[in-house]
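[1] With the input below, show me the fold.
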Amino acid sequence: MVPFKFYLITDTHYYKHSLSRYNEYYDDFMHYEQKCFAETQAINEAVFDWLEKADEADAVLIAGDLSFNGEKESHLAFIEHLYKLKESGKKVYVVTADHDFKENREDCFGFDENGWIHPENTPREELFDLYKDFGFGEAIAVDKQHLSYVAQLSDGVRLLALNNDGNADGGRHFEESHIEWIKEQTQKAREDGQMMFAMNHYPLIPGQPIFNLIGDTYQKDAGEVTKLLADEGVHLCFTGHMHNQSINVIETEKGNKFYDVCTGSIIADPSVIRLVNIIDDETVDIKTYETPDFDYDTGGKTCKQYLKDLFDNMIVNVLDDMAYDTERMMGKFHIDNPKLKPVLKTVGKILQKTTVGGLGRMLFFKVDKSIKKEKVKDVAAELVRMMFEGNQYFKEGTPKGDALLAMFARLKPVLKKVNAKTIDGKEADIFDLLKNSAGNYDIDDYNAVLKLK
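    Numbering: from 1, shown residues only. This is a model prediction of the structure:
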């Protein structure tokens, strides 16, 4: 095979700026939002301008959620950027995902002076023709029902582009006919002596261990699909959806490796672009670049700080509302048990005042003097953000990592009583999940050389 390089981005969530007004209704929506909205057009324009000029690879892959919420005008404007990218000499391959189609106009949204508005929607059956020139049209195999295809990227390298969100029940699982098609394509690739890798919007391995406990954080039927792919010779998949930066690996019972490379959304912290170099059928080199600055009023902040602050504000707003607007917070997270309101309010008020040192005194664990005065709610926001940014530094041997692990150890008896189960029904060791989500002890999430076999 001939070595092959490509750029990869995901979760572009393009929203045509002129569709909305940005007022108090918009501000209310953004109160709990991690990703940008008004800024998406500016961010996409900056990223696509960078990609047009980038000269380390002549192909770009985009792993789903192309539009913000299926607005027809957003798709049409986004596709103009894809054509410009092709005109610059790049080949472009996309998959669509659940944010790219809405069957009812009411499911698309924006804001005007009177509140919520509903731009024209994009039904799922229109996506194939809309994006025909960006993967489907030149594919060597197509499953039109499932909007999946196989593309011959270079001599000896094939892309298995998967989409699985169009099931009638909305379950986002792989249907049996889709699985059979995947088997056919992986077997053919093996027979033809091709190195095949996949692109699937939903992670096939949870980006962080704690995500094992949370629905919708990764692909349904993930265990079955990863086993199928790995044992059929597909050892690598590029994913998005969770807006987090991670690289994870599992090994099947037959001893075959499977890597899931999840990439952060370009319109939310950490906002990155991957450069992938498939050196041979066993070795893949991955590098990560920060997205370029974008043309938007960031209030004097750098673009990177602007995105970080948006993320932190989301967490801080949740904790503030827990104390001072408990009903709003409960409504956001669909908590409908009124008995929990006073409990949440009390916990919220404690968090407003408590420092890390104070929490240590409360729960009898040691805290390094360098972090004693930091507020718990600020450290909590930083911790959650780090789980999405990747390469989490709340590790054993650091002041924050040691304090966090000491707190988790103190709470171990309580955590054991929770009797938590993972999404696949297995008993969860919450201490271990929390430890390995707070600190990254494995593969570098940004720059790594992966050995597939």
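
[2] Flag every buried residue along stretch 295-310.
    Of the residues in stretch 295-310, 296, 298, 303, 306-310 count as buried by neighbour count, 16 or more other CB atoms under 10 Å. C-beta here means a position set from N, CA and C on the backbone, and glycine is covered the same way.

[3] and after the worst-scoring helix or strand of the chain on mean pLDDT, which helix or strand comes next?
    Within the chain, no helix or strand scores below helix 412-418, which has a mean of 77 by mean pLDDT, DSSP states H and E. Later in the chain than helix 412-418, the nearest helix or strand by DSSP states H and E is helix 430-438.

[4] what's in contact with that next one?
    When contacts are defined by CB atoms under 8 Å, 6 or more residues apart in numbering, helix 430-438 is touched by residues 208-213, 383, 386-387, 392, 394-396, 401, 404-405, 408-409, 412, 415-416, 418, 420, 442.

[5] Can you get me the start-to-end distance on stretch 239-259?
    One end of stretch 239-259 sits 10 Å from the other (CA to CA, to the nearest Å).

[6] gap between it and the chain center?
    With CA atoms, centre = their mean, to the nearest Å as the basis, stretch 239-259 stands 13 Å off its chain's centre.

[7] Same question for stretch 189-205.
    Remark: stretch 189-205 is offset 19 Å from the chain centroid, using CA atoms, centre = their mean.

[8] Point out where this protein drops to low pLDDT.
    Along the chain, segments meeting pLDDT under 70 span 166-171.

[9] Spell out the residue ranges of the helices in this structure.
    Assigned by DSSP state H, the chain shows helices spanning 24-30, 40-53, 72-87, 127-130, 176-191, 222-231, 303-324, 326-332, 340-353, 356-363, 376-389, 399-410, 412-418, 430-438.

[10] Now do the shortest one: which elements does it pack against?
    With contacts taken as 3 or more CB pairs under 8 Å, 6 or more residues apart in numbering; DSSP states H and E, helix 127-130 sits against no other helix or strand.

[11] How about it, which residues are buried there?
    By 16+ other CB under 10 Å, the buried positions in helix 127-130 come out as 127-128, 130.

[12] Present these as CSV; the columns should include distance to Ile267.
    Converted to CSV, those look like this (distance: CB to CB, whole Å):
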residue, distance to Ile267
Leu127, 20
Phe128, 25
Leu130, 20
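
[13] So which of these is the closest to Cys237?
    The nearest member of the buried residues of helix 127-130 to Cys237, counting by CB to CB, is Leu127 at 20.9 Å.

[14] Could you measure from that closest one over to Met322?
    39 Å (CB to CB, to the nearest Å).

[15] hang on, the earlier thing: just so I know, which of the helices of the chain lies nearest Glu113?
    Each of the helices of the chain has some distance to Glu113 by CB to CB; the shortest is helix 24-30, at 8.6 Å.

[16] what sits up against that closest one?
    Residues contacting helix 24-30 (CB under 8 Å, 6+ apart): 20, 37-38, 111, 115-116.

[17] Export it to CSV, keeping only CA atoms.
    This file holds the C-alpha atoms of helix 24-30, laid out as CSV (Å, rounded to 0.1, in the frame of the first residue of the first chain):
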residue,chain,number,x,y,z
GLU,A,24,-32.4,37.5,25.5
TYR,A,25,-34.0,34.4,24.1
TYR,A,26,-30.7,33.3,22.6
ASP,A,27,-28.9,34.2,25.9
ASP,A,28,-31.4,32.0,27.8
PHE,A,29,-30.7,29.0,25.5
MET,A,30,-26.9,29.5,25.8
